[in-house]
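Peer 1: Give me a model of this one.
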Amino acid sequence: MQTGASIYALASTASEYQAPALRAAIYKHLALETFIETKISTIGLPAFELAFHVPYFALRASKEVHEDPRRDVSGNRLRDSHNVSFLTCTIDQPVAHLHEAQVSFVVTGCDERRWVAYCFVDTYFDTRENGKEDVLSYYDDSQGEEGMNADPITWGVHNADDPIENPREYYLEVIRIRMHQICQEWAQIVSKVQESFRAYEPEQVRSPFLHIISQICDGSRHS
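Peer 2: Okay, here's the model as predicted:
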């Protein structure tokens, strides 16, 4: 589904109290903004908003670069992909690219019983063959004999048929899960840099910086 059609579908079904939070979430996601906020409105219909927007880079290596097909009004790609082939140790390895990405998540409602959650995740750099995250994949997984109706917002960790009913608990759980996902992406980047350092620097002249990177990588793997 194209970005414009997705936005239209969400906007046309949002209620009056949901619209401001949804509008802000869409804008911040498209603009690649970092933002975390808790907001409670006492003017008019009481409403709350819990927002979480975190950009990051995803490192992917492939024979063909998977660039963002989405475009802004000026015709520029919504997210950039940067060639980092200089980190590749041998010429027969696939070309590595750093892809801009963002996770945007917002919970908004009137009280603990009436609320809704929206989540936007960039996945243009992945394919279904290598585990691209999309709603269709979650649906396909649920159709098996032992399939689970996974909650896509929680990265498939939680069962949508057994939901977290408290909006604050749900918000914090999604942040925990998505930050773990983002940390894994950063750990992969650091690991790639570490691998390149080892390939290009002789053992006897390696800098202390490599040791620091190694500690960061090890810590990320065991977190």
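
Peer 1: buried sites along the host helix or strand of A187?
Peer 2: Using DSSP states H and E, A187 sits within helix 167-200. If you call a residue buried by 16 or more other C-beta atoms under 10 Å, then helix 167-200 has these buried ones: 167, 170-171, 173-175, 177-178, 181-182, 185-194, 196-197. (C-beta placed from N, C-alpha, C; glycine too.)

Peer 1: which strands and helices sit next to it?
Peer 2: On a contact count with 3 or more C-beta pairs under 8 Å, 6 or more residues apart in numbering; DSSP states H and E, helix 167-200 meets strand 47-62, strand 95-109, strand 115-121, helix 208-222.

Peer 1: Can you check what angle separates it from strand 95-109?
Peer 2: Interaxial angle of helix 167-200 relative to strand 95-109 (axes from the mean of the first three to the mean of the last three C-alpha atoms, to 10 degrees): 170 degrees.

Peer 1: just to revisit the earlier point, deepest-packed of the helices and strands packed on helix 167-200, please.
Peer 2: The highest mean neighbour count among the helices and strands packed on helix 167-200, using mean count of other C-beta atoms under 10 Å, belongs to strand 95-109: a mean of 21.

Peer 1: Which elements pack onto that strand?
Peer 2: Strand 95-109 packs on helix 19-30, strand 47-62, strand 81-83, strand 115-121, helix 167-200, going by 3+ C-beta pairs under 8 Å, 6+ apart.

Peer 1: Which strands border the fourth one, and is each parallel or antiparallel?
Peer 2: Looking back up the chat, that one is strand 115-121. Strand 115-121 has the following strand partners under DSSP bridges: strand 95-109 (antiparallel).

Peer 1: any idea of the angle the strand it pairs with forms with helix 19-30?
Peer 2: Strand 95-109 runs at 170 degrees relative to helix 19-30, counting by the same axes, to 10 degrees.

Peer 1: Ok, which of the helices and strands packed on strand 95-109 comes nearest N130?
Peer 2: Ranking these by proximity to N130 (C-beta to C-beta) places strand 47-62 first, at 8.4 Å.
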